[in-house]
Structures are given as C-alpha cells and as structure tokens.
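K.L.:
Provided below for reference: sequence and predicted model.
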Amino acid sequence: MEKTLILIKPDGVQRSLSGEILTRLEKSGLKISALKLLHVNEKLAKEHYAEHEGKPFFGDLVSYICSAPIIAISLSGPNAVEKSRSLIGKTNPLESEPGTIRGDFGLEISRNLIHGSASIDDANRELKIFFSENEIIDYDKSTDSWVMEL
Ligand code: IDP
Ligand code: MG
C-alpha cells in the first residue's frame with residue numbers, strides 16, 4: 001500500500017494542534033502505519049530538506065524544524081501522497097484553501113505547521129530517514145472494506 005511521510009512541525013506541536021491535525025488526516029481513511037515524537041537535529045533536518053540546500057530560506061528552515069519536538073507519522077492508503085497533500089493545502093498558508101490544515105491554522109509560509117511528502121519517490125526516501133523498516137506496520141482494520149474497494 002502507498003505510504004507517505006507526515007511531520008507535525010514544531011509550531012503544530014507547540015500550538016497543541018497535533019491531535020486536530022492527526023484527526024483530520026486519519027478521518028480521511030488513511031491509516032497510521034508509524035508514529036513517533038522526536039527532536040530533530042541539524043544533520044537529520046539537512047538530510048530531510050536536502051533539495052532546498054542553497055535556497056535563501058534554508059538556514060531558517062533547518063532552525064525551525066530543530067527548534068522543538070515534532071511528530072513523525074507514516075500514513076498508508078490508496079494515493080496516500082496526493083490525498084494528504086490535498087488535506088494539507090499549499091505551501092503558503094495564505095494561498096491555502098479554507099478547510100485545509102494550512103489554510104485553517106497557518107498565517108505564514110515559514111510557520112506552516114506540517115510536512116507531507118510531495119511524491120511517492122520523496123515519500124520512500126523520507127520515510128527511511130525517520131523510521132526503520134520494523135517501525136512501519138501494515139495491518140488490517142475491520143473497516144478497510146468501507147474505506148476502499150478491496
Ligand atoms: P512543501 O512543504 O509544501 O512541500 P517546499 O517548497 O518543499 O514546500 O518547502 C519546504 C518547506 O520550506 C515549507 O513547508 C516551508 O516550511 C519552507 N519554505 C518554503 N518556501 C519558503 C519561503 O519562501 N520562505 C520561508 N520558508 C519557506
Ligand atoms: Mg516539499
């Protein structure tokens with residue numbers, strides 16, 4: 001089953017929005033296949049955001065992600081990557097539709113609450129940074145056939 005990496009960023013945890021954010025993602029039918037609270041160090045932040053190295057906001061982005069604990073989540077389900085990106089909204093909360101996580105709770109691009117992998121390839125790379133293979137669990141739920149056509 002397709003998987004994506006979600007991070008509830010430091011502002012999401014500090015503002016006590018972790019439960020609200022997870023509820024929204026989980027209610028879509030996507031399944032939690034791994035979850036942990038961790039304090040990211042600079043090395044891990046730079047590895048995760050390698051594609052942005054050299055951009056003007058890179059230093060601030062790394063400091064932001066390392067500033068307080070985050071919650072890392074693996075979500076599984078059909079089109080998990082695209083579905084979670086649509087629930088999250090655009091990168092800039094100002095351009096995100098109401099009803100999306102960033103649109104409802106964010107004001108600025110540099111405090112946009114949540115990360116979601118942008119592609120299946122990104123998801124596979126990023127999941128390996130945050131989780132070992134045995135931390136990601138595939139399991140059935142009795143509601144599976146009500147959420148997806150099996
Ligand atoms: P995404 O998180 O929607 O995939 P990316 O373009 O991959 O957006 O950027 C990664 C993260 O870097 C964003 O979520 C945001 O935290 C930060 N970021 C992106 N662009 C800017 C910017 O112009 N100023 C400040 N921070 C930015
Ligand atoms: Mg991105």
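P.N.:
Looks like it came in fine. Ligands and ions are numbered 1, 2, ... in the order given.
K.L.:
for this structure, what lies in contact range of ligand 1?
P.N.:
Within the chain, the positions adjacent to ligand 1 are 52, 57, 61, 91, 109-110, 112, 115, 118 by C-beta under 6 Å from any ligand atom. From N, CA and C alone the C-beta is placed, and that goes for glycine too.
K.L.:
which of these tops the neighbour count?
P.N.:
Tallying neighbours with other C-beta atoms under 10 Å puts residue 112 at the head of the residues of the chain next to ligand 1, with 24 neighbours.
K.L.:
surely that one meets residue 92?
P.N.:
Yes: using C-beta atoms under 8 Å, residue 112 is in contact with residue 92, at 7.3 Å.
K.L.:
ok, back up a step: among the residues of the chain next to ligand 1, which two are most distant?
P.N.:
Greatest spacing in those, by C-beta to C-beta: 110 and 118 (18.0 Å).
K.L.:
could you check how far residue 47 is from ligand 1?
P.N.:
Here the criterion is C-beta to the nearest ligand atom, to the nearest Å. By it, residue 47 lies 14 Å from ligand 1.
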